[in-house]
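>>> this one's structure only:
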């Protein structure tokens, strides 16, 4: 179904893929993983024909999908045979209603309206989007947007499906729902699936083959139990050991400290204080009556399912969104975005604007007259960006963009750093290195607010847990001890 021979791809002088050979059988589910920047997303773009038809890149070699040579057929024709879900779902969405978004591809290809309606309804149902069918996709959470993008492609039912980190922004219920649906399509329709992922725990039970990439090449290709059992290989490529423990809902993992609420540090004023805060978009309320105190020295995890209001709350804390009601104070005044609080968004492309990685990281400090050469060098080193410092931020991988933006966020030494789903595009090696550095900054006094669906990440680093549901804080305290210690240790130490 997929036949790749001697594929090489370069952007300008940067060679991203080098002589890749790949054969995927019809109905096979292949997991592609490896370090950030190793060429996984570029391989996906070549399989869908975006390279060379729509992306400025030099391509050598042959790519055949469903018997079609991709360079010889136009994109509209290729789209009927191979669908792709991108790392940034917002780049695929443009309609004003979710249902119209899902139906667009079918209508564009001339499907009978009865088929359009039946397929649209099915796609909305299997992705859990039926309650959001009349919502504007632009006003949904990052995870909900990801579900919409997935529904759009599933409705088309192409024989080959390429997914680039489809679970990165999804909560566990939606992750399971999407993976179960893909498995049904694989078994009932013989769909061939190539999935690019760093979060392996949920995906591993579904896949047939694992393909490891490094430095633009395929370095291992085989059964998952054989490849990922190699501890040395995992450590070398920065991969996680998939856990065998069942993943449990957040509301069962977070409990109020002392059985009531979080204990406040004695005689210490909060760094950030939210009092009866409500906020949203246009006339839609997302968070309601939120009361929250964040204290100096804290490392806090904000968790909850997609659409719970986590990102909206983070933007209010960062001073990027004005509350519709209530009050937000930062040391008894309004927060100054960038100086007091820096926020890493879910999509790093929304935050890059200069011509080089080096310029991106130094822009804030130079603009405020606070540039320090030694600290700048430390940031580039700790975020593994030294070798990329002269590259354009728009020409590097999403994971590398994410690290660039994070370095820029902490370059001004803000008192509070907010990370909204920092796992996108990050292998565990890079992610662990970043989080260890942030932990050291936290020990020096920087407050960290981490928003993530990643169990392992929040268990390892956060010391306080806040669980949100339906726009409200339901529990503020610590991680529950009712979950068996062996299972916690498996996640933490994997």
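It's in. Nothing here was measured: the structure is a model prediction, and the numbers come from that model.
>>> who's in contact with residue 87?
41, 164-165, 168, 398, 424-425 (Cβ atoms under 8 Å, 6 or more residues apart in numbering). C-beta here means a position set from N, CA and C on the backbone, and glycine is covered the same way.
>>> which among these gets closest to residue 467?
Nearest to residue 467 out of these is residue 168 (Cβ to Cβ; 20.5 Å).
>>> hang on, isn't residue 240 packed against residue 457?
No - using Cβ atoms under 8 Å, residue 240 makes no contact with residue 457, being 10.5 Å away.
>>> in helices, which of the contacts of residue 87 appear?
Counting by DSSP state H, these place 41, 398 in helices.
>>> now the two most distant members of the contacts of residue 87.
Greatest spatial distance among the contacts of residue 87 (Cβ to Cβ): 41 and 168, at 12.1 Å.
>>> for the helix or strand hosting residue 360, packing partners?
Secondary structure from DSSP states H and E places residue 360 in helix 357-367. Using 3 or more Cβ pairs under 8 Å, 6 or more residues apart in numbering; DSSP states H and E, the elements in contact with helix 357-367 are helix 373-382, helix 398-410.
>>> and it, what's buried?
Buried residues in helix 357-367, defined by neighbour count with 16 or more other Cβ atoms under 10 Å: 357-365.
>>> now it: average pLDDT?
Helix 357-367 shows a mean pLDDT of 96.
>>> which other residues reach it?
Under the contact criterion Cβ under 8 Å, 6+ apart, helix 357-367 has outside partners 338, 352-354, 370-372, 376, 379-380, 385, 388-393, 396, 400, 404-405, 407-408, 411-412.
>>> residue contacts, the residue nearest to residue 86 when sequence neighbours are not counted?
Once flanking residues are discounted, residue 86 sits nearest to residue 164: 5.6 Å by Cβ to Cβ, 6 or more residues apart in numbering. Shown in contact with residue 164 (Cβ under 8 Å, 6+ apart): 40-41, 44, 84-87, 196.
>>> for stretch 146-164, how far is the first residue from the last?
Using Cα to Cα, to the nearest Å, one end of stretch 146-164 lies 11 Å from the other.
>>> hmm, back to that, and residue 187, which of the helices and strands packed on helix 357-367 is closest to it?
Closest approach to residue 187 among the helices and strands packed on helix 357-367 (Cβ to Cβ): helix 398-410, 30.8 Å.
>>> for that closest one, what does the pLDDT average out to?
Mean pLDDT, taken over the full extent of helix 398-410, equals 93.
>>> over to stretch 70-79?
Taken as a whole, stretch 70-79 carries a mean pLDDT of 90.
>>> residue 255: which element?
Assessed by DSSP H and E, residue 255 sits inside strand 254-256.
>>> that strand packs against which elements?
When contacts are defined as 3+ Cβ pairs under 8 Å, 6+ apart, strand 254-256 packs onto strand 464-469, strand 472-479.
>>> and for the longest one, what are the contacting residues?
Residues lying outside strand 472-479 but in contact with it, judged by Cβ under 8 Å, 6+ apart, are 251, 253-258, 261-262, 287-292, 309, 459, 463-468, 488.
>>> what does the pLDDT read for the closest residue to residue 415 other than its chain neighbours?
In this structure, residue 415 finds its nearest non-sequential neighbour in residue 340, 5.7 Å apart by Cβ to Cβ, 6+ apart. Residue 340 is assigned a pLDDT of 94 by the prediction.
>>> doesn't residue 416 make contact with residue 340?
Yes - look at residue 340 against residue 416 with Cβ under 8 Å: they come within range, at 6.7 Å.
>>> isn't there a helix covering residue 276?
No - using DSSP: H, G, I helix; E, B strand; the rest coil, the assignment for residue 276 is strand, not a helix.
>>> how about the nearest residue to it, chain neighbours excluded?
Computed as Cβ to Cβ, 6+ apart, the closest residue to residue 276 that is not its neighbour in sequence is residue 326, at 4.1 Å.
>>> repeat for residue 207
Using Cβ to Cβ, 6+ apart and skipping residues adjacent in sequence, the residue nearest residue 207 is residue 31, 4.3 Å away.
>>> can you list the strands that the helix or strand the one you found falls within pairs with?
Per DSSP H and E: residue 31 is located in strand 29-33. According to DSSP bridges, strand 29-33 forms sheet pairs with strand 192-196 (parallel), strand 209-214 (parallel).
>>> re earlier: restricted to strands, list the contacts of residue 87.
Members of the contacts of residue 87 lying in strands (criterion: DSSP state E): residue 164.
>>> could you dump the contacts of residue 87 into CSV and include distance to residue 143?
Compiled in CSV, the contacts of residue 87 are given as follows (distance: Cβ to Cβ, whole Å):
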residue, distance to residue 143
41, 20
164, 15
165, 12
168, 9
398, 16
424, 12
425, 16
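>>> and which of the contacts of residue 87 is nearest residue 228?
Of all those, residue 165 has the smallest distance to residue 228: 17.7 Å, by Cβ to Cβ.
>>> the closest one and residue 306, how far apart?
15 Å (Cβ to Cβ, to the nearest Å).
>>> re earlier: which of the contacts of residue 164 has the most neighbours?
Neighbour counts for the contacts of residue 164, by other Cβ atoms under 10 Å, peak at residue 40, which reaches 29 neighbours.
>>> isn't that residue right up against residue 31?
No - taking Cβ under 8 Å as the definition, residue 40 is not a contact partner of residue 31, at 10.4 Å.
>>> show me the two of the contacts of residue 164 that sit farthest apart.
Within the contacts of residue 164, two members stand farthest from each other by Cβ to Cβ: 40 and 85, at 13.6 Å.
>>> domain parsing of the chain, as residue ranges.
Listed domain ranges for the chain are 2-237, 250-493 (source: automatic domain parsing).
>>> all helices for the stretch 51-200 of the chain, in order.
Using DSSP state H, counting those that start in this stretch, the helices of the stretch 51-200 of the chain run over residues 75-78, 98-108, 113-126, 142-156, 172-189.
>>> helices and strands around the second one, which ones?
Spelled out, it's helix 98-108. Helix 98-108 packs on helix 113-126, helix 142-156, going by 3+ Cβ pairs under 8 Å, 6+ apart.
>>> what sits up against it?
Contacting residues not belonging to helix 98-108 are listed as 79, 93-95, 113, 115-117, 119-120, 123-124, 129, 132-137, 140, 148, 151-153, 155-156 [Cβ under 8 Å, 6+ apart].
>>> so which strand or helix has residue 320?
For residue 320, there is no helix or strand it lies in under DSSP H and E.
>>> what's near enough to touch it?
337, 343.
>>> tell me the phi and psi of it?
Note on residue 320: its backbone torsions stand at phi -90, psi -10 [degrees, to the nearest 10].
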